[in-house]
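> Would you be able to build a 3D model of this:
(chains A and B)
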Amino acid sequence: DSGVTQTPKHLITATGQRVTLRCSPRSGDLSVYWYQQSLDQGLQFLIQYYNGEERAKGNILERFSAQQFPDLHSELNLSSLELGDSALYFCASSPPGGSSYNEQFFGPGTRLTVL
Amino acid sequence: AQTVTQSQPEMSVQEAETVTLSCTYDTSENNYYLFWYKQPPSRQMILVIRQEAYKQQNATENRFSVNFQKAAKSFSLKISDSQLGDTAMYFCAFMLPTGTASKLTFGTGTRLQVTL
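Have a look, this model is predicted:
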(Lines give C-alpha, C1' and ligand atoms only; values in the text may rest on other atoms or scores of the structure.)
Protein backbone atom coordinates (compact mmCIF):
# COMPACT_ATOMS: atom_id res chain seq x y z
CA ASP A 1 0.00 0.00 0.00
CA SER A 2 1.62 3.24 -1.21
CA GLY A 3 -0.57 5.52 0.92
CA VAL A 4 -2.10 7.14 -2.17
CA THR A 5 -5.82 6.51 -2.55
CA GLN A 6 -7.92 6.77 -5.66
CA THR A 7 -11.66 6.54 -6.10
CA PRO A 8 -13.51 4.98 -7.73
CA LYS A 9 -11.64 1.80 -8.64
CA HIS A 10 -13.77 1.20 -11.69
CA LEU A 11 -15.98 3.49 -13.71
CA ILE A 12 -18.16 2.55 -16.65
CA THR A 13 -19.88 5.29 -18.58
CA ALA A 14 -21.12 6.21 -22.03
CA THR A 15 -19.67 8.39 -24.75
CA GLY A 16 -20.37 12.08 -24.30
CA GLN A 17 -20.58 11.84 -20.54
CA ARG A 18 -18.47 13.55 -17.87
CA VAL A 19 -16.70 11.86 -14.96
CA THR A 20 -14.56 12.91 -12.01
CA LEU A 21 -11.68 10.87 -10.67
CA ARG A 22 -10.45 11.56 -7.17
CA CYS A 23 -7.02 11.20 -5.60
CA SER A 24 -5.74 11.66 -2.06
CA PRO A 25 -1.96 11.91 -1.79
CA ARG A 26 0.18 10.47 0.97
CA SER A 27 0.22 12.46 4.17
CA GLY A 28 2.73 15.28 3.82
CA ASP A 29 3.12 15.05 0.05
CA LEU A 30 2.44 18.31 -1.76
CA SER A 31 2.76 17.16 -5.38
CA VAL A 32 0.11 15.23 -7.24
CA TYR A 33 0.65 13.80 -10.71
CA TRP A 34 -1.90 12.29 -13.09
CA TYR A 35 -0.94 9.63 -15.63
CA GLN A 36 -2.96 7.79 -18.26
CA GLN A 37 -2.20 4.19 -19.23
CA SER A 38 -3.86 3.03 -22.43
CA LEU A 39 -3.13 0.20 -24.82
CA ASP A 40 -2.17 2.41 -27.72
CA GLN A 41 -0.48 5.32 -25.92
CA GLY A 42 1.24 3.52 -23.07
CA LEU A 43 1.88 5.40 -19.83
CA GLN A 44 1.62 9.13 -20.36
CA PHE A 45 1.98 12.07 -18.01
CA LEU A 46 -1.07 14.32 -18.00
CA ILE A 47 -0.62 17.05 -15.42
CA GLN A 48 1.04 17.92 -12.10
CA TYR A 49 -0.06 20.09 -9.21
CA TYR A 50 2.09 21.31 -6.35
CA ASN A 51 0.41 22.69 -3.25
CA GLY A 52 -2.65 23.76 -5.19
CA GLU A 53 -0.90 25.21 -8.22
CA GLU A 54 -0.46 23.70 -11.66
CA ARG A 55 3.24 23.03 -12.22
CA ALA A 56 3.55 20.95 -15.37
CA LYS A 57 1.34 19.89 -18.21
CA GLY A 58 1.79 16.93 -20.51
CA ASN A 59 -0.37 15.38 -23.18
CA ILE A 60 -3.63 16.37 -21.57
CA LEU A 61 -6.61 16.92 -23.84
CA GLU A 62 -8.61 20.15 -23.64
CA ARG A 63 -11.63 18.05 -22.62
CA PHE A 64 -9.71 17.07 -19.48
CA SER A 65 -9.06 19.32 -16.52
CA ALA A 66 -7.72 18.92 -13.02
CA GLN A 67 -7.39 20.78 -9.78
CA GLN A 68 -5.84 20.38 -6.36
CA PHE A 69 -7.80 21.52 -3.35
CA PRO A 70 -6.58 23.16 -0.11
CA ASP A 71 -6.61 19.78 1.65
CA LEU A 72 -4.28 18.61 -1.18
CA HIS A 73 -6.59 16.04 -2.69
CA SER A 74 -6.92 16.28 -6.44
CA GLU A 75 -9.63 15.66 -8.99
CA LEU A 76 -9.31 14.87 -12.68
CA ASN A 77 -12.35 15.81 -14.71
CA LEU A 78 -12.93 14.13 -18.06
CA SER A 79 -15.72 15.47 -20.25
CA SER A 80 -17.28 14.68 -23.64
CA LEU A 81 -15.89 11.21 -23.23
CA GLU A 82 -14.87 9.19 -26.26
CA LEU A 83 -14.19 5.49 -26.67
CA GLY A 84 -10.48 6.24 -26.83
CA ASP A 85 -10.53 7.71 -23.33
CA SER A 86 -10.92 4.21 -21.91
CA ALA A 87 -7.79 3.67 -19.86
CA LEU A 88 -6.29 3.21 -16.45
CA TYR A 89 -5.75 6.57 -14.77
CA PHE A 90 -3.07 6.75 -12.12
CA CYS A 91 -2.47 9.38 -9.52
CA ALA A 92 0.95 9.66 -7.88
CA SER A 93 2.30 11.87 -5.15
CA SER A 94 5.78 12.88 -4.08
CA PRO A 95 7.35 14.55 -1.06
CA PRO A 96 7.95 18.31 -0.91
CA GLY A 97 10.85 19.80 -2.81
CA GLY A 98 14.23 18.90 -1.41
CA SER A 99 13.77 15.14 -1.44
CA SER A 100 16.93 13.58 -2.78
CA TYR A 101 15.13 10.76 -4.50
CA ASN A 102 12.20 12.42 -6.25
CA GLU A 103 10.27 9.23 -5.82
CA GLN A 104 6.67 9.15 -6.92
CA PHE A 105 4.24 6.91 -5.06
CA PHE A 106 1.43 5.58 -7.21
CA GLY A 107 -2.16 4.95 -6.27
CA PRO A 108 -3.99 1.79 -7.37
CA GLY A 109 -5.52 3.55 -10.38
CA THR A 110 -9.05 4.10 -11.66
CA ARG A 111 -10.12 1.90 -14.57
CA LEU A 112 -12.35 3.95 -16.88
CA THR A 113 -14.41 2.18 -19.52
CA VAL A 114 -16.31 4.28 -22.04
CA LEU A 115 -19.01 2.37 -23.93
CA ALA B 1 12.10 16.22 -25.23
CA GLN B 2 13.31 13.14 -23.47
CA THR B 3 12.51 9.68 -24.83
CA VAL B 4 12.80 6.22 -23.32
CA THR B 5 13.06 3.07 -25.42
CA GLN B 6 12.53 -0.50 -24.30
CA SER B 7 13.25 -2.75 -27.26
CA GLN B 8 12.13 -6.04 -25.71
CA PRO B 9 8.32 -6.28 -25.65
CA GLU B 10 8.38 -9.72 -23.99
CA MET B 11 10.90 -11.89 -22.20
CA SER B 12 10.81 -15.22 -20.45
CA VAL B 13 13.11 -16.66 -17.80
CA GLN B 14 13.13 -19.80 -15.73
CA GLU B 15 12.83 -19.65 -11.99
CA ALA B 16 16.19 -19.10 -10.23
CA GLU B 17 17.83 -17.87 -13.44
CA THR B 18 19.06 -14.36 -14.22
CA VAL B 19 17.50 -12.03 -16.77
CA THR B 20 18.44 -8.59 -18.05
CA LEU B 21 15.93 -6.04 -19.34
CA SER B 22 17.20 -3.31 -21.63
CA CYS B 23 16.43 0.39 -21.65
CA THR B 24 17.93 3.29 -23.55
CA TYR B 25 17.05 6.94 -23.27
CA ASP B 26 17.76 10.19 -25.00
CA THR B 27 18.47 13.48 -23.29
CA SER B 28 20.82 16.39 -23.60
CA GLU B 29 20.74 17.04 -19.86
CA ASN B 30 23.45 16.02 -17.44
CA ASN B 31 21.51 15.66 -14.21
CA TYR B 32 18.52 13.33 -14.14
CA TYR B 33 17.04 10.27 -12.48
CA LEU B 34 16.25 6.85 -13.88
CA PHE B 35 13.80 4.33 -12.48
CA TRP B 36 12.50 0.83 -13.05
CA TYR B 37 8.87 0.26 -12.11
CA LYS B 38 7.15 -3.10 -11.87
CA GLN B 39 3.47 -3.53 -12.73
CA PRO B 40 2.16 -6.98 -11.70
CA PRO B 41 -1.25 -8.28 -12.83
CA SER B 42 -2.81 -6.23 -10.02
CA ARG B 43 -1.82 -3.16 -12.14
CA GLN B 44 -0.22 -1.44 -9.14
CA MET B 45 2.91 0.53 -10.07
CA ILE B 46 5.78 -0.46 -7.77
CA LEU B 47 9.18 1.20 -7.71
CA VAL B 48 11.90 -1.42 -8.09
CA ILE B 49 15.08 0.62 -8.22
CA ARG B 50 16.34 4.17 -8.86
CA GLN B 51 19.58 5.67 -10.15
CA GLU B 52 20.83 9.23 -9.95
CA ALA B 53 22.78 10.18 -13.07
CA TYR B 54 25.52 11.92 -11.11
CA LYS B 55 26.32 8.69 -9.26
CA GLN B 56 28.69 6.41 -11.12
CA GLN B 57 28.02 3.47 -8.85
CA ASN B 58 25.27 1.17 -10.09
CA ALA B 59 22.24 0.91 -7.81
CA THR B 60 21.37 -2.41 -6.18
CA GLU B 61 18.26 -3.52 -4.31
CA ASN B 62 18.46 -7.14 -3.14
CA ARG B 63 18.07 -9.31 -6.27
CA PHE B 64 17.70 -6.27 -8.53
CA SER B 65 20.62 -4.32 -9.93
CA VAL B 66 21.20 -1.92 -12.78
CA ASN B 67 23.93 -1.39 -15.33
CA PHE B 68 24.00 2.37 -15.87
CA GLN B 69 26.12 3.49 -18.82
CA LYS B 70 25.75 7.27 -18.95
CA ALA B 71 27.78 7.86 -22.10
CA ALA B 72 25.81 5.20 -23.96
CA LYS B 73 22.54 6.40 -22.37
CA SER B 74 21.75 2.86 -21.34
CA PHE B 75 20.04 1.68 -18.16
CA SER B 76 19.46 -2.07 -17.99
CA LEU B 77 17.86 -4.01 -15.13
CA LYS B 78 19.25 -7.34 -13.99
CA ILE B 79 17.06 -9.66 -11.95
CA SER B 80 18.97 -12.44 -10.23
CA ASP B 81 17.46 -15.66 -8.84
CA SER B 82 14.17 -14.94 -10.62
CA GLN B 83 11.01 -15.80 -8.71
CA LEU B 84 7.47 -16.47 -9.90
CA GLY B 85 6.42 -13.24 -8.18
CA ASP B 86 8.68 -11.30 -10.55
CA THR B 87 6.22 -11.97 -13.38
CA ALA B 88 5.05 -8.50 -14.39
CA MET B 89 5.41 -5.62 -16.82
CA TYR B 90 8.56 -3.66 -16.21
CA PHE B 91 8.77 0.00 -17.16
CA CYS B 92 11.90 2.07 -17.46
CA ALA B 93 11.32 5.74 -16.60
CA PHE B 94 13.24 9.00 -16.85
CA MET B 95 12.86 12.07 -14.70
CA LEU B 96 14.35 15.50 -15.21
CA PRO B 97 14.09 17.27 -11.88
CA THR B 98 13.19 20.92 -12.32
CA GLY B 99 12.46 22.25 -8.86
CA THR B 100 8.99 21.11 -7.96
CA ALA B 101 8.02 19.91 -11.46
CA SER B 102 9.27 16.38 -12.05
CA LYS B 103 7.24 14.28 -14.44
CA LEU B 104 8.12 10.70 -15.33
CA THR B 105 8.62 9.69 -18.96
CA PHE B 106 8.05 5.98 -19.41
CA GLY B 107 9.18 3.43 -21.95
CA THR B 108 6.69 1.07 -23.55
CA GLY B 109 7.45 -1.72 -21.11
CA THR B 110 8.78 -5.28 -21.15
CA ARG B 111 6.48 -8.12 -20.18
CA LEU B 112 8.49 -10.63 -18.12
CA GLN B 113 7.23 -14.15 -17.59
CA VAL B 114 8.98 -16.30 -14.98
CA THR B 115 8.39 -20.01 -15.56
CA LEU B 116 8.98 -23.14 -13.52
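
> Can you tell me how far A:Pro108 is from B:Tyr90?
From A:Pro108 across to B:Tyr90, the span is 18 Å (Cβ to Cβ, to the nearest Å). All C-beta atoms are positioned from the backbone trio N, CA, C, and that covers glycine.

> More neighbours: those two, which one.
B:Tyr90 (23 against 19; other Cβ atoms under 10 Å in any protein chain shown).

> ok, and what's touching the one helix or strand the more buried one maps to?
For B:Tyr90, the element it lies in under DSSP states H and E is strand B:88-95. Around strand B:88-95, the neighbours that count as contacts under Cβ atoms under 8 Å, 6 or more residues apart in numbering or on different chains are A:43, A:102, B:2, B:4, B:6, B:21, B:23, B:25, B:27, B:32-41, B:45, B:48, B:75, B:77, B:102-107, B:109-112.

> ok, it: who's next to it in the sheet?
strand B:33-39 (antiparallel), strand B:104-106 (antiparallel), strand B:110-115 (antiparallel) (DSSP bridges).

> just so I know, which of these lies nearest A:Asp29?
strand B:104-106 (15.1 Å; Cβ to Cβ).

> In the closest one, which residues are buried?
By 16 or more other Cβ atoms under 10 Å in any protein chain shown, the buried positions in strand B:104-106 come out as B:104-106.

> pLDDT for the residues you listed - can I get that in JSON lines?
Shown next, in JSON lines, are the buried residues of strand B:104-106 (pLDDT from 0 to 100):
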{"residue": "B:Leu104", "pLDDT": "93"}
{"residue": "B:Thr105", "pLDDT": "94"}
{"residue": "B:Phe106", "pLDDT": "96"}
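
> Closest one of these to chain A?
B:Phe106 (4.1 Å; Cβ to the nearest Cβ).

> distance of the nearest residue in space to the closest one that is not next to it in sequence from A:Pro108?
The shortest distance from B:Phe106 to any non-neighbouring residue, by Cβ to Cβ, 6 or more residues apart in numbering or on different chains, is to A:Leu43 (4.1 Å). Distance of A:Leu43 to A:Pro108, given as Cβ to Cβ: 15 Å.
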